[in-house]
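[1] Build me a model:
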Amino acid sequence: MLTDGLAQTRSPARFVAFGGAFAVVLTVLMVGSLDVHRLATTAVGLRRTISEYALGPHRWVFDTAVVLLALGTVAIVAVLVRRGITKWSSGGAIAFLAWSVGLALVVVFPKHNWAEGPSTSGTIHRIASLVAFISLPIAAMLLARPWLKDAVWGGHARWTFRFGLLSALAFTPIVYAILVNALVGTAWWRVLPLGYVERLLVFVEVVAVLVVAVWAIAAAQPSYRPSRTDR
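    Model prediction:
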């Protein structure tokens, strides 16, 4: 009996799920420390975007944090696939991978100072950011949808779906800014305090990933099994 308990505690899937969750939490702490430093040392507050950290001496902190978030997400989804909650070919898993790839491209192609003129790297960075921001809410809602009424995983699914929906709502100010740019011509990044809006969006989306991580940790327990076959 003691051996069985130790086997459950040392489950490889459970270890991976906890590792993925830890990577996401570490991301929050690292980026949060950059924000605290900026608030303490400058007068601009948080009006500038998070990715501007890649243009300064703390680029390694920003890059490491984003890579951890991408890898942590993949680890979490891998556990859900392993435990039969989803499949790699499902829309939810593909959207999570799109989120992770978008994050990786944000690191490979850092933010560009548009005052210096157009840049291919800057354009890829902007597109990758949009892909990541849009993919996450889609991923969460698609992952949760088949399990919303499930007796075992319904609670996890409903929380995941709610945060997916909340992530989509948090993205709407940016959509509004883009529409204003298209209709009036005002630069979309000047329509709203982009740094604060982006941080709200990132915070909600990262919490959504952590909610999925809690699901993965629960699913990694050997005593639990999926109760649906129509995933």
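
[2] going forward, measure contacts and count neighbours with C-alpha atoms only.
    Noted.

[3] And the helices in this structure, which stretches?
    Taking DSSP state H as the test, the helices found in the chain are 2-9, 12-41, 59-82, 91-108, 120-144, 154-183, 188-191, 194-219.

[4] Lowest average confidence across these, which one?
    Lowest mean pLDDT of the helices of the chain: helix 2-9, a mean of 43.

[5] Tell me which of the helices of the chain lies nearest to residue 49.
    With CA to CA, the closest approach to residue 49 among these belongs to helix 194-219: 4.3 Å.

[6] and that closest one, which residues are buried?
    Residues of helix 194-219 classed as buried: 194-199, 201-202, 204-219 (neighbour count, 16 or more other CA atoms under 10 Å).

[7] Run the angle between it and helix 91-108 for me.
    Angle of helix 194-219 versus helix 91-108, following axes from the mean of the first three to the mean of the last three CA atoms, to 10 degrees, is 130 degrees.

[8] elements contacting helix 194-219?
    Using 3 or more CA pairs under 8 Å, 6 or more residues apart in numbering; DSSP states H and E, the elements in contact with helix 194-219 are helix 12-41, helix 59-82, helix 120-144, helix 154-183.

[9] do you know which of these lies nearest residue 100?
    So among those, helix 59-82 is nearest, using CA to CA, at 4.5 Å.

[10] on contacts alone, who are the packing partners of that closest one?
    If contacts are counted by 3+ CA pairs under 8 Å, 6+ apart, helix 59-82 sits against helix 12-41, helix 91-108, helix 194-219.

[11] counting contacts, what elements does the longest one pack onto?
    With contacts taken as 3+ CA pairs under 8 Å, 6+ apart, helix 12-41 sits against helix 59-82, helix 194-219.

[12] In a markdown table: those helices, plus distance to residue 25.
    Below are those laid out as a markdown table (distance: least, CA to CA, whole Å):
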| stretch | distance to residue 25 |
| --- | --- |
| helix 59-82 | 8 |
| helix 194-219 | 8 |
